[in-house]
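Asker: Sequence plus predicted model, see below.
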Amino acid sequence: HAKGGNLNHALKVTHSPYAVIFDCDHVPTRGFLKRTIGWMIADPNLPVLQTPHHFYAPDPFQRNLESGMHVPPEGNMFYGLVQDGNDFWDATFFCGSCAVIRREAVTGIGGFATETVTEDAHTALKMQRKGWGTAYLREPLAAGLSTERLILHIGQRVRWARGMRPIMR
């Protein structure tokens, strides 16, 4: 059950009403909790507060294309336009890292989704179906490594696409 299974195991051995989730290569800023947890406390219907994934290393396109450093990274579109729009419609995606999660909401849907390889987005959708809201704070509060090689970059995007297909069904 990959990441979703690991997160479900963590819920069994911890007791906090909130969990903060980061990929292993992401490092939060010192003020991450100061900027995020208040939103969760203020809104008891908020199960996920997602912040952008920020990468301090250039992705393979940026490194290898002549104009790469002059073109914004693709993540800027998702963590700018797409998530802003999702937030407007109360449909923010949980992106698996750089987020605060409310335990009550996750346990109320039976735990993190394990049926797809995009357990993060699937988990958010399950919470939204149960009437929970979701929110996006467009402030980079953690930084991580981008994919190092083009084949890994493409493989990651293919995995995301493969995981979204069953969710759409």
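Answerer: Okay, I see it. Numbering: from 1, shown residues only.

Asker: List the contacts of the residue nearest the centre of the chain.
Answerer: By CA atoms, centre = their mean, the chain has its centre lying nearest to residue 95, at 1.6 Å. By CB atoms under 8 Å, 6 or more residues apart in numbering, the residues touching residue 95 are 50, 53, 120, 121. Heads up, the C-betas are built off the backbone N, CA and C, glycines and all.

Asker: Now do the strands in this structure.
Answerer: Along the chain, counting by DSSP state E, strands occupy 18-21, 27-28, 48-50, 54-55, 99-102, 134-136, 142-144.

Asker: With respect to burial, which of the ones you listed scores highest?
Answerer: Counting by mean count of other CB atoms under 10 Å, strand 48-50 has the highest mean neighbour count of those, with a mean of 26.

Asker: Show me the contact partners of that strand.
Answerer: For strand 48-50, contacts defined as CB under 8 Å, 6+ apart pick out 36, 39-40, 83, 92-95, 98-102, 105, 124, 127, 132, 134-137.

Asker: Could you check how far the residue lying closest to residue 56 once chain neighbours are set aside is from residue 49?
Answerer: Nearest non-adjacent residue to residue 56, counting by CB to CB, 6 or more residues apart in numbering: residue 143, 4.7 Å away. Separation of residue 143 from residue 49 (CB to CB, to the nearest Å) stands at 18 Å.

Asker: again, but for residue 57
Answerer: 25 Å.

Asker: so which pair among the contacts of residue 95 is furthest apart in space?
Answerer: Greatest spatial distance among the contacts of residue 95 (CB to CB): 53 and 121, at 13.4 Å.

Asker: Now do the contacts for residue 99.
Answerer: Going by CB under 8 Å, 6+ apart, residue 99 touches 20, 21, 48, 49, 50, 51.

Asker: Give me the nearest residue to the second one, chain neighbours excluded.
Answerer: When you say that, I think you mean residue 21. Distance criterion CB to CB, 6+ apart; nearest residue to residue 21, sequence neighbours excluded, is residue 99 at 5.5 Å.

Asker: what packs against the longest helix that the chain contains?
Answerer: In the chain, assigned by DSSP state H, the helix with the most residues is helix 150-168. Other helices and strands packing on helix 150-168, by 3 or more CB pairs under 8 Å, 6 or more residues apart in numbering; DSSP states H and E, are helix 60-64, helix 119-129.

Asker: Return the distance of that helix from the chain's centre.
Answerer: 15 Å (CA atoms, centre = their mean, to the nearest Å).

Asker: No further queries at this time; thank you.
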